[in-house]
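**Student:** My questions are about this predicted structure, shown below with the sequence.
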Amino acid sequence: MSFDDSLIDRIRNSADIFDLVSGHVQLKKAGQNYRGLCPFHSERTPSFNVNPSKQIFKCFGCGIGGDVFRFVMEIEGLNFPEAVRLLAERNAIPLPASGAREQQGAEDRKRLYALMTEAASFFRRNLKPNSPPHRYLTDRKIEPPVQAGFGLGYAPGNLTLLKHLKGLGYSDAELETCGLVKKSEAGEISDKFWRRVVFPIRSLSGQTIAFGGRILDDGFPKYLNSPETPLYHKGDHLYGLDAAREEIRKRDVALLVEGYFDCIVPHQFGFCNTVASLGTSLTDAQIRLLGRFTRKVVISFDSDAAGLSAALRSIDLFLQQGFHVNVLQLPEGSDPDSFLRTQGAEAFRELVQSSAPCMEFVLSHSMNRQRDPHSPAGKQQVVNEIIPYLLKMPNRIERAEYVSRVASRLRIHESLILLEMRKRARPGRQQLQLNSKPAEQSPTQAETYLLHAVFQDRTQESLLSSLEAELFDGLPCNEIFGKVFELRKRCKEISVFSLREQLSGESLELFDRLTLRALDKPVSKELIIHSIRALKDLQLERLSRQIQEEIVREEKNDSDTPRLLELLRRKERLRREKLLGAVEHAAGESEFYV
């Protein structure tokens, strides 16, 4: 269902962001803002800010920011339409009736969710005390509270689920759509899960969307999973994330494993930040989902060839999305499930804490694959294998450190690795720099002041009529004001919320920083004029420098060229324009300087 802008604005204006956030964060007054510990990552020093007048929040630690909808989406694990519905309901704002087709689709989806919930309850009821599946879980030391918490159940088969659900009025088509039954070539329908321990797979909000089943004997296949359905796309979900997300936020790290038991058993032993992939190679969507809660992950995959390959591919994907990755290596033949049951929580905790940074793992793996890693051919092969990972490391200082480590381990000079990295850099990418990031240019006071003035109803139109996009060329707020002019050209509302939607990356960070900053003086016509004049002076200085550089180049060639004379005339015009501006500026009562 889509919502028009007026309804979104009405809901946003009715939901007080201070009251909403206060239910999750202890806030204290800090100037015009309120500040507290971020609920989305672990921190000791408050960096989470709320501005009630602008109805926005921003954490300058993890970078998450936005309006009431974004806060609800992050804290409740909802998508945007779900957040809209929740806030509308809380603020007694009726939502418009959907079209017949759209309303029917929503009703059908709601019925499928109810069907999956009933199936989960059915499986749970069939996990009876002292039954074979119950004894199986007991032998694996899965305690009853953990069984209940993860909703573990049992599928008896023999058409029991089919008969039960059809008795409740669900159709064959609905059961097939949810992947609960299968159809033979003859058209006969039967239960998909037979004599298996069942693991409900839940969405981030805790709704059952699919199932996994583990056979009790040595039959084949050992594990059976739900197919893709309208409710379930396995590449978009992580097993156990609904139970782990708060602990992941608290610890600011996730433990990623491969199987159901490898996820459940760590939870039982207190490692409640554990999640598992769902029987498929890790996907970008799963990593983005995990990135909503942390940017740090420890991966623990099987030590066989398939597990090593999965670990290397996962490292590559995590690095592409800016994660810090460690690799937990268990003794050969062990997995988190068996290791915890035999060695205990303390031994496992020591392994987690001593887990190797991903580059150490990649380097060791690559060197171990070479017959002689210190031969010329061996060194070249190791460098070839490790460079793609080095190029993806998000932190330049950390990347430089690992270039040094790789060089030391291979007994070669760092410059050889750097040369190979520059050769491999993607086309169009800036030349690789391994030194620290240069200091960013700070926005001028004039830019900051005019940005605040843009959001004042009484000054917005006259201000934008007086501004030119070229005034911001080369300035930190160039992209921000570019989006302002773009919204105006499209006759769209210019507000904090509409502008945030147009920005990303460093520009969004800068915008959040400036909009949360208090002005020393209120917006006034006089200060707007002086701010524009200050930007105009900066523009004239930039143009003068550019012309002077061209004049120097022309003089090196031939001082009597027509081009040189034209440049000299332009420089003189700029000098006069700047002088005239300075006189006009001095004639007024200037209260603002860059």
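**Tutor:** That came through fine. Residues are numbered from 1 along each chain as shown.

**Student:** Now do the strands in the stretch 1-150 of the chain.
**Tutor:** Under the criterion DSSP state E, counting those that start in this stretch, the stretch 1-150 of the chain contains strands at 28-30, 33-36, 48-51, 56-59, 65-66.

**Student:** Is it possible to get TSV of those that adds distance to residue 343 and mean neighbour count?
**Tutor:** Backbone N, C-alpha and C define where each C-beta goes, glycine included. What follows is the strands of the stretch 1-150 of the chain, written out as TSV (distance: least, CB to CB, whole Å; neighbours: other CB atoms under 10 Å):
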stretch	distance to residue 343	mean neighbour count
strand 28-30	44	10
strand 33-36	40	20
strand 48-51	39	23
strand 56-59	38	24
strand 65-66	43	22
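
**Student:** between the ones you listed, which one is nearest to residue 298?
**Tutor:** With respect to residue 298, and counting by CB to CB, the nearest of these is strand 56-59 at 23.0 Å.

**Student:** related to what we said a few turns ago, mean pLDDT and distance to residue 301 added to the strands of the stretch 1-150 of the chain, as JSON lines?
**Tutor:** Formatted as JSON lines, these follow (pLDDT from 0 to 100; distance: least, CB to CB, whole Å):
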{"stretch": "strand 28-30", "mean pLDDT": "89", "distance to residue 301": "43"}
{"stretch": "strand 33-36", "mean pLDDT": "90", "distance to residue 301": "37"}
{"stretch": "strand 48-51", "mean pLDDT": "92", "distance to residue 301": "34"}
{"stretch": "strand 56-59", "mean pLDDT": "92", "distance to residue 301": "31"}
{"stretch": "strand 65-66", "mean pLDDT": "89", "distance to residue 301": "34"}
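
**Student:** Save those strands as JSON lines, and put in distance to residue 351 too.
**Tutor:** Supplementary listing: the strands of the stretch 1-150 of the chain in JSON lines, determined by distance: least, CB to CB, whole Å:
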{"stretch": "strand 28-30", "distance to residue 351": "39"}
{"stretch": "strand 33-36", "distance to residue 351": "34"}
{"stretch": "strand 48-51", "distance to residue 351": "33"}
{"stretch": "strand 56-59", "distance to residue 351": "31"}
{"stretch": "strand 65-66", "distance to residue 351": "36"}
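
**Student:** Nearest to residue 261 among the ones you listed would be which one?
**Tutor:** strand 56-59 (35.2 Å).

**Student:** quick one: strands adjacent to the closest one?
**Tutor:** strand 48-51 (antiparallel), strand 65-66 (antiparallel) (DSSP bridges).

**Student:** what's it in contact with?
**Tutor:** Strand 56-59 is contacted by residues 17, 21, 38, 40-41, 47-51, 64-67, 70-71, 496-497, 500, 512-513, 515-516 when judged by CB atoms under 8 Å, 6 or more residues apart in numbering.

**Student:** swap in stretch 169-187?
**Tutor:** In contact with stretch 169-187 (CB under 8 Å, 6+ apart) are residues 111-112, 115-116, 119, 161-162, 165-166, 189-193, 210-211, 226-232.

**Student:** let's see 7 Å
**Tutor:** 112, 115-116, 119, 161-162, 165, 189-192, 210, 226-227, 229-231 (CB atoms under 7 Å, 6 or more residues apart in numbering).

**Student:** returning to what we had before: can you say which of the strands of the stretch 1-150 of the chain is nearest to residue 328?
**Tutor:** The nearest among these, by CB to CB, is strand 56-59 at 28.3 Å.

**Student:** quick one, which of the strands of the stretch 1-150 of the chain is nearest to residue 479?
**Tutor:** With CB to CB as the measure, strand 65-66 is the member of these nearest residue 479 (16.9 Å).

**Student:** how far is the closest one from where the chain is centred?
**Tutor:** 13 Å (CA atoms, centre = their mean, to the nearest Å).

**Student:** Same question for stretch 74-94.
**Tutor:** Offset of stretch 74-94 from its chain centre (CA atoms, centre = their mean): 20 Å.

**Student:** One more: stretch 70-79?
**Tutor:** 13 Å.

**Student:** hmm, back to that, closest to residue 460 out of the strands of the stretch 1-150 of the chain?
**Tutor:** Using CB to CB, those put strand 56-59 closest to residue 460, at 18.1 Å.

**Student:** Only alpha carbons, please: show the closest one as PDB.
**Tutor:** The C-alpha coordinates for strand 56-59 follow below in PDB (Å, rounded to 0.1, in the frame of the first residue of the first chain):
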ATOM      1  CA  ILE A  56      14.900  14.200  13.800                       C
ATOM      2  CA  PHE A  57      17.500  12.000  15.500                       C
ATOM      3  CA  LYS A  58      21.100  11.200  14.700                       C
ATOM      4  CA  CYS A  59      23.800   9.000  16.200                       C
END
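
**Student:** just for the stretch 101-250 of the chain, where's the confidence low?
**Tutor:** 101-106 (pLDDT under 70).

**Student:** go with 80
**Tutor:** 101-106, 218-219 (pLDDT under 80).

**Student:** sorry, back to before: residue 382 is nearest to which of the strands of the stretch 1-150 of the chain?
**Tutor:** strand 56-59 (39.8 Å).

**Student:** circling back: Serialize the strands paired with strand 56-59 to TSV and add fields for distance to residue 363.
**Tutor:** Conversion of those to TSV gives the following (distance: least, CB to CB, whole Å):
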stretch	distance to residue 363
strand 48-51	37
strand 65-66	37
